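Colleague: got a predicted structure plus its sequence, pasted below:
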Amino acid sequence: MKGKNIGWIVLLVLGLIAPFLVYPVLVMKILCFSLFACAFNLLLGYTGLLSFGHAAFLGWAGYTCGYAMKELGLSPELGLLAGTAAAAALGFVFGSLAIRRSGIYFAMVTLALAQLMYFLALQFPFTGGEDGLQGVPRGRLFGLVDLADTMNMYYFVLAVFLGGFWVIDRAIHSPFGQVMKAIRENEPRAISLGYDVDRYKLLAFVLSAALSGLAGATKTLVFQLASLTDVHWHMSGEIVLMTLLGGMGTVFGPIVGATVVVGLQNYGAELGQWVNVLTGVIFVICVLAFRRGIVGELAALIRRSGIRM
Amino acid sequence: MKRFGVGAGSPAQFSFPRVRQDLSDAMSTDFILQTRDLTKEFKGFVAVDKVNLQVRRGSIHALIGPNGAGKTTVFNLLTKFLTPTRGTIHYNGQDITHEKSAQIARRGIVRSFQISAVFPHLSVRDNVRVALQRKLGTTFHFWRSEKSLDVLNERAMELLEAVDLQSFADATTVELPYGRKRALEIATTLALEPEMMLLDEPTQGMGHEDVGRVADLIKRVSANRTVLMVEHNLSVVSHICDTITVLQRGAVLAEGPYEQVSRDPRVLEAYMGTEHV
């Protein structure tokens, strides 16, 4: 408990001062991916379900938010809400179909559905196809705060991230979270204790999809763009990478993982395509040498040295 | 129970209504669980063959038999982890043949598994609490703090005390020795206050002293409930079980109290070379 409070304080302080130390747009990108990774971790790390289709939620929430703001002229808070709701609805459909299977088949069903959504994004006229939705206005938050200002935008993104992260943290440490963990640990036993595991899995899936959508909608607002990159299966793979690297099944791990991966992509940009090789090498080392991820290994180290977290 | 041979159109038809009455009475009072011609086929291989099982309320009933006799398959059928090919299952006189596993658990039939069924990375206390929390009705509340579950701590500790695990409450379950894990599993099962417990080899893989302890524990917790158990350890069976059903190749070979079954020549033959009697 103590360790978690320290984590929250560090996160808050870092979040508040980061835009003065680093390029704010980069930090916003990191925050969006952190939220995405945390939402993904809710499913993989705490319910034991590996989805390989989470790009669909990120990307389609982005399109929905972008369309709502650019074409319908909605305010940013309603744009985010629309994106989140769209992802939740999509998550309900994906979830209802995928949870009938487990393991690799579950992953394949989610991948197939996400590919279908990618194809639709490519074909529908309102997504802009190859060009994407460009020039999405950031608008005025609640009609008051002008988000075109970078610092205003930054603190809004920080607030969205912290809100989303709080929901995830709470879900993990809730009565529902206990059942999720029980299903992850031993599904047949959870059934034999009278739990209809499919219903719990579905709720976890929808929650994860909705929060991934919140991340995607926020990202569209930051970059004023919704594009095919976010619905591509590369994105579904990248989120697995971030979560594993940071520490699957740890509360803060995905944030660390997202920071490392996004940071690498940014500062390694001069390496060109070689940055992908570098990321690949790091991933292999992570999986082979420290399987608990950065935060998982740190926690184990602290536990071994006898300090109670 | 005796089988009644009622030929079609035979004079026995005369007394038929009375016989029916007896049967249904027996169903609702004497026997908590009854199966009729329970059969499971896997692509032509008959794993369970027309098993008629009758478990008396309040008894400890053992299911024994050589490896591959179909004991665990019967368990899986009773709890619907497998779907029967044919036959019916009645619990308290109600047909539960077509219900889902979780539904059957909520009716009060709670099973354990052959390999220890715990939640390894939850604390020992949380293992029991997961079973207790369902009745709070907040299991879908993802916005509520887990502190709301603390009201269950007292009951959880009582259950842990019942199996002598109170000093391990905060340990991570994976760190417990095997015998303790099995004890925790029983505590978790008891948390649901099941009317009927199905225990799949509760003493399997245990050291000598653990076996005795778990056998005593089963005897103790069976006070107000019915226990059906698969068990290889015949000394456990002979000490605590009231009725024994011997399965062989998916079918019932013999049934009765230990003294009777253990002297049955067919049972001796079935066990010859495969198990020590």
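Modeller: Sure, I can see it.
Colleague: contact partners for B:Arg266?
Modeller: B:Leu253, B:Ala254 (C-beta atoms under 8 Å, 6 or more residues apart in numbering or on different chains). In short, each C-beta sits where N, CA and C put it, glycine included.
Colleague: would you map the helices across chain A?
Modeller: Secondary structure of chain A (DSSP state H): helices at A:2-21, A:24-44, A:55-70, A:76-98, A:104-123, A:150-172, A:175-185, A:187-192, A:197-223, A:233-246, A:253-267, A:274-289, A:293-304.
Colleague: so which residue is dead centre in chain A?
Modeller: Centroid-nearest residue in chain A, with C-alpha atoms, centre = their mean: A:Phe36, separated by 0.9 Å.
Colleague: quick check: that residue vs chain B, distance?
Modeller: 19 Å (C-beta to the nearest C-beta, to the nearest Å).
Colleague: check A:Leu43 too.
Modeller: Distance from A:Leu43 to chain B, by C-beta to the nearest C-beta: 13 Å.
Colleague: so who does the closest residue in space to that residue that isn't next to it in sequence touch?
Modeller: In space, and not counting its chain neighbours, A:Leu43 is closest to A:Ser208: 4.1 Å by C-beta to C-beta, 6 or more residues apart in numbering or on different chains. Contacts for A:Ser208 were tallied using C-beta under 8 Å, 6+ apart; they are A:Ala39, A:Phe40, A:Leu42, A:Leu43, A:Ser51, A:His54, A:Gly91.
Colleague: check A:Ala121 too.
Modeller: Counting by C-beta under 8 Å, 6+ apart, A:Ala121 has contacts A:Gly59, A:Trp60, A:Tyr63, A:Thr127, A:Leu228, A:Val231.
Colleague: all helices of chain B, in order?
Modeller: Under DSSP H, chain B gives helices at B:16-28, B:71-78, B:101-107, B:124-133, B:153-162, B:178-191, B:208-221, B:234-240, B:258-263, B:265-271.
Colleague: and among the ones you listed, the most buried is which?
Modeller: Most buried of these by mean neighbour count (mean count of other C-beta atoms under 10 Å in any protein chain shown) is helix B:124-133; its value is a mean of 26.
Colleague: can I get that one as PDB, trimmed to CA atoms?
Modeller: Provided in PDB are the C-alpha atoms of helix B:124-133 (Å, rounded to 0.1, in the frame of the first residue of the first chain):
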ATOM      1  CA  VAL B 124      -4.400 -17.200   1.600                       C
ATOM      2  CA  ARG B 125      -7.100 -15.000   3.100                       C
ATOM      3  CA  ASP B 126      -8.100 -13.700  -0.300                       C
ATOM      4  CA  ASN B 127      -8.500 -17.300  -1.600                       C
ATOM      5  CA  VAL B 128     -11.300 -17.800   1.000                       C
ATOM      6  CA  ARG B 129     -12.600 -14.300   0.500                       C
ATOM      7  CA  VAL B 130     -13.200 -14.800  -3.200                       C
ATOM      8  CA  ALA B 131     -15.600 -17.600  -2.300                       C
ATOM      9  CA  LEU B 132     -17.300 -15.500   0.500                       C
ATOM     10  CA  GLN B 133     -17.700 -12.300  -1.500                       C
END
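Colleague: nice, that's everything, thank you.
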